[in-house]
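J.: Structure, please.
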Amino acid sequence: MDKVVHFEIPADQVERAKRFYEAVFNWNAVSIPKMKYVILRTGPTDEKGMAKESGFINGGILRRQAPIDSAVITINVASIEDSSKKIEANGGKMIKGKFQVGEMGYAAYFRDTESNIIGLWENIKKIREPS
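T.: This is a model prediction of the structure:
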């Protein structure tokens with residue numbers, strides 16, 4: 001079963017949105033200027049920024065631009081390529097193909113049968129070195 005692992009909030013003014021979510025929900029907002037992105041930590045995280053407990057997911061704020069113009073949830077999948085085929089076969093439409101996000105993984109976006117935009121996430125598979 002694929003899980004919801006992230007959310008994104010588009011904003012016309014990213015810094016204004018960052019201040020809003022910090023003030024209203026006491027979320028920890030970390031700017032990543034190189035990526036033009038703000039990470040939102042909505043609960044306690046470890047030194048790698050990963051959730052220390054269950055019951056919440058982290059998210060981000062990005063500049064509003066087509067096609068991402070409303071809030072998006074992101075689903076972790078084993079393969080964006082395989083999921084893309086299933087999406088298209090079942091009436092959805094890929095709107096932004098697979099792209100790499102740093103050394104963390106790959107993302108893509110699709111529009112479901114109800115015109116909602118949903119994100120896909122695929123972790124980069126780490127190759128283990130022989131011991």
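J.: Just the buried positions in stretch 94-102, please.
T.: Buried residues in stretch 94-102, defined by neighbour count with 16 or more other CB atoms under 10 Å: 94, 96, 98. Yep, even glycine has a C-beta here, placed from its N, CA and C like the rest.
J.: Helices along the chain, start to end?
T.: In the chain, the helices defined using DSSP state H lie at 14-25, 80-89.
J.: Report all helices and strands that the longest one contacts.
T.: Packing contacts for helix 14-25, counted by 3 or more CB pairs under 8 Å, 6 or more residues apart in numbering; DSSP states H and E, involve strand 4-11, strand 28-32, strand 37-41, strand 59-63.
J.: the inter-axis angle of that helix versus strand 4-11?
T.: If you take axes from the mean of the first three to the mean of the last three CA atoms, to 10 degrees, helix 14-25 sits at 120 degrees to strand 4-11.
J.: List the buried residues in helix 14-25.
T.: Buried residues in helix 14-25, counted by 16+ other CB under 10 Å: 14, 17-18, 20-21.
J.: same check, this time on the last one
T.: For helix 80-89, the neighbour count (16+ other CB under 10 Å) marks 80, 83-84, 87 as buried.
J.: next one: stretch 83-90 to chain centre, how far?
T.: Its chain's average C-alpha position is 19 Å from that of stretch 83-90, according to CA atoms, centre = their mean, to the nearest Å.
J.: Quick one: mean pLDDT for that stretch?
T.: In this model, stretch 83-90 has a mean pLDDT of 96.
J.: Please apply the same query to stretch 41-55.
T.: 88.
J.: Show me the contact partners of that stretch.
T.: Residues outside stretch 41-55 that contact it (CB atoms under 8 Å, 6 or more residues apart in numbering): 25, 27-30, 39, 56-59.
J.: Tell me how far that stretch lies from the chain's centre.
T.: In terms of CA atoms, centre = their mean, the centre of stretch 41-55 is set 15 Å apart from its chain centre.
J.: do the same with stretch 109-124
T.: 10 Å.
J.: again with stretch 30-48
T.: Worked out by CA atoms, centre = their mean, stretch 30-48 lies 12 Å from the chain centre.
J.: again, but for stretch 86-101
T.: Worked out by CA atoms, centre = their mean, stretch 86-101 lies 14 Å from the chain centre.
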